[in-house]
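Colleague: Predicted model and sequence follow; I will ask about them next.
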Amino acid sequence: MTSELFDPDRLRTLERLRSEGVDPYPARSPSPSPIASARDLAEKGEAEATVAGRILAHRPFGKLAFLVLQDRTGRIQVAVRKGEVGERAWAVYGRLDLGDLLAAKGKVGRTKTGEVTLFATEVVLLAKALLPPPEKWHGLADVELRTRLRYVDLWASEGVREVFEKRARLVRAIRAFLDGRGYVEVETPTFHPIAGGASARPFTTHHNTLDLDLYLRIALELPLKKLLVGGLERVYEIGRVFRNEGISRKHNPEFTMLESYEAYADYEGIARLVEEMFAEAARAVSGTTEVPFRGRTYAFAPPFRRARYADLLREHAGVDLFDEGALRARARTAGLPEAGRPAAVVANDLFEALVEERLEGPVFVLDYPAEICPLAKRKPADPRFAERFELFVAGMELANAFTELNDPVLQEEILRGQVASRDEEAPRAVDTDFLRALAYGMPPAGGLGVGIDRLAMLLADAPTIRDVILFPLMRPERG
RNA sequence: GCGCCCGUAGCUCAGCCGGUAGAGCGGCGGCCUUUUAAGCCGUGGGUCGCAGGUUCGAUCCCUGCCGGGCGCACCA
């Protein structure tokens, strides 16, 4: 019994092909040239090429037909003539459908209308499509379908593949940039017995043999710092982290973080690193540091603007960071909860509600209140502040960095305080192995976290994070 | 989680103040050796997201549910 997943017309065609001795899914294919290079042969006259790709269009004229094949490099028209390919291939051609994968061999030239065309002497079916492609003019328009059927949207809609190619160039550029500065790329566990390094609700899972409850990591931070203790000195990881939170234009429950740590650096050094890295990434993706995004242009050329957290809060929220009464009053007028929350948290709620969305940037926001930076070192000259910055572009937080706290005693105190707070998003236990590592001596260091998906959104001018994640989380189909 | 909006053929979409549903593309059959969303002739295709309710009668109005979008919340 055949599944109802497939188009009955096409299943019938499949059987007819088989009964005629044609293998609809041959094990081997002719080795094709990229369509883009085959097209170049048009000007050289009489040059022969083999191409392979998906049939996107079909224009039959009796004993002649024009097909349009598409591969990753482009499209080419293929002319199939009965007199040229012979009866057998003509019969195969007659069973072709839009969406099938096909190889064609022949001379590349131009038709009398000037269209670059491969005049086929052979056509070989490479894979029969059992479902029809979307409507040829509009393509896939429904956002849900485009996401669920990403494997169709990638070839059926203009520009989708380019977004992911840009993302790939972005990641490659970051690797090259860090590798060039003596960083070593590492991979650390995604299963954590304690979900630390950030404040977020984790996903839980279980290992059967060890009978062990585990969390999926919410950050890369703690294992990478252990590697600083281990003497790696310059490390980074690009990897998936998981946060059990809502979904929005800027949020997917699993997303890709870059975290890097550099011994003997501080947050100012990391700010300079970020400027150069982002400029390099922009150039790698689009050849320029002028980045268009949602109708505006952002200059990714160093230096980026710097602004102090407290100054921005005063400018946009009209309150002094250390005037608790004013903070609480302002929070109430803004409709934010403040009762029972620490002043620094209230301030940060105000910052997020009133300041962040106005930060077009790129702008480094410097010197956060120390209370909301449990893993950062305080400013020696004013310990009310942590040596921390976040980078904002287009109202989005793209990077977060600080001079890393390496005082084991102070770190223990802070972590114990977090656990005692019983905050839903605080770790439920102190990561004593992390503290033990610090106790062996971690060099002073600057650390960085970058949301790769958001950076990809920026550089690909993609309005939602779903556009830069191939298979974003969705509810399963059916009900 | 909350609010607003959306769900009609494989796809893209119409469908008026409630009277049992249409187009284009695609499909199927036919014609055609130079097209560019090819054209022409013929033709099949629907649980109007699902389940209730109101009504003589529901794609249309109401309620609930499912899926999605946007916004809010959440997201140091």
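Modeller: Everything's here; your move. Numbers count the residues shown, from 1 in each chain, chains lettered A, B, ... in the order given.
Colleague: next one: stretch A:93-106 to chain centre, how far?
Modeller: Chain-centre distance of stretch A:93-106: 34 Å, with Cα atoms, centre = their mean, to the nearest Å.
Colleague: Correction: the previous question concerned stretch A:203-222.
Modeller: In terms of Cα atoms, centre = their mean, the gap separating the centre of stretch A:203-222 from the centre of its chain is 23 Å.
Colleague: go on, stretch A:171-181?
Modeller: Here stretch A:171-181 is found 16 Å from its chain centre; the criterion is Cα atoms, centre = their mean.
Colleague: That one: which residues count as buried?
Modeller: When neighbours are counted by 16 or more other Cβ atoms under 10 Å, the buried residues of stretch A:171-181 are found to be A:171, A:173, A:174, A:177, A:178. For glycine as for every other residue, the C-beta is placed from the backbone atoms N, C-alpha and C.
Colleague: and the stretch 201-350 of chain A, which of its residues are near RNA strand B?
Modeller: Applying Cβ under 7 Å from any atom of the strand, one finds that the stretch 201-350 of chain A approaches RNA strand B through A:219, A:243, A:245, A:246, A:247, A:248, A:249, A:250, A:251, A:348, A:349.
Colleague: among those residues, which two are most distant?
Modeller: The two members of these with the most space between them (Cβ to Cβ) are A:247 and A:348, at 22.7 Å.
Colleague: Of those two, give the one with the bigger neighbour count.
Modeller: Neighbour comparison, residue A:247 and residue A:348: the larger count goes to residue A:348, with 21 against 13 (by other Cβ atoms under 10 Å).
Colleague: per-residue pLDDT, that one?
Modeller: Per-residue confidence (pLDDT) for residue A:348: 87.
Colleague: neighbours of residue A:331, just the number please.
Modeller: A count of neighbours around residue A:331, defined by other Cβ under 10 Å, yields 24.
Colleague: and it, that one's in a helix?
Modeller: Yes: Residue A:331: assigned to a helix according to DSSP: H, G, I helix; E, B strand; the rest coil.
Colleague: Report all helices and strands that the particular helix or strand that has residue A:241 in it contacts.
Modeller: Residue A:241 is located in strand A:234-242, with elements delineated by DSSP states H and E. With contacts defined as 3 or more Cβ pairs under 8 Å, 6 or more residues apart in numbering; DSSP states H and E, the secondary structure elements packing on strand A:234-242 are helix A:160-179, strand A:184-185, helix A:221-229, strand A:254-263.
Colleague: okay if I get these as JSON lines plus mean pLDDT?
Modeller: Below are these laid out as JSON lines (pLDDT from 0 to 100):
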{"stretch": "helix A:160-179", "mean pLDDT": "95"}
{"stretch": "strand A:184-185", "mean pLDDT": "97"}
{"stretch": "helix A:221-229", "mean pLDDT": "96"}
{"stretch": "strand A:254-263", "mean pLDDT": "96"}
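Colleague: and of the ones you listed, who's closest to residue A:326?
Modeller: Across the helices and strands packed on strand A:234-242, residue A:326 has its closest neighbour in helix A:221-229 (33.2 Å, Cβ to Cβ).
Colleague: For residue A:85, which residues are in contact?
Modeller: Residue A:85 makes contact with A:93, A:120, A:121, A:122, A:123 under the criterion Cβ atoms under 8 Å, 6 or more residues apart in numbering.
Colleague: go with 6 Å
Modeller: For residue A:85, the contacting residues are residue A:120, taking Cβ atoms under 6 Å, 6 or more residues apart in numbering as the criterion.
Colleague: Repeat that for the one 5 residues further on.
Modeller: Taking Cβ under 6 Å, 6+ apart, we find residue A:90 in contact with residue A:82.
Colleague: So which residues of the stretch 51-200 of chain A form helices?
Modeller: Under the criterion DSSP state H, counting those that start in this stretch, the stretch 51-200 of chain A carries helices at the ranges A:82-94, A:143-148, A:150-156, A:160-179.
Colleague: Throw the helices and strands packed on strand A:234-242 into JSON lines and include distance to residue A:101, thanks.
Modeller: Shown next, in JSON lines, are those (distance: least, Cβ to Cβ, whole Å):
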{"stretch": "helix A:160-179", "distance to residue A:101": "16"}
{"stretch": "strand A:184-185", "distance to residue A:101": "36"}
{"stretch": "helix A:221-229", "distance to residue A:101": "43"}
{"stretch": "strand A:254-263", "distance to residue A:101": "31"}
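Colleague: Nearest to residue A:319, out of those?
Modeller: helix A:221-229 (30.6 Å).
Colleague: Between strand A:234-242 and the closest one, find me the angle.
Modeller: An angle of 160 degrees separates the directions of helix A:221-229 and strand A:234-242 when computed by axes from the mean of the first three to the mean of the last three Cα atoms, to 10 degrees.
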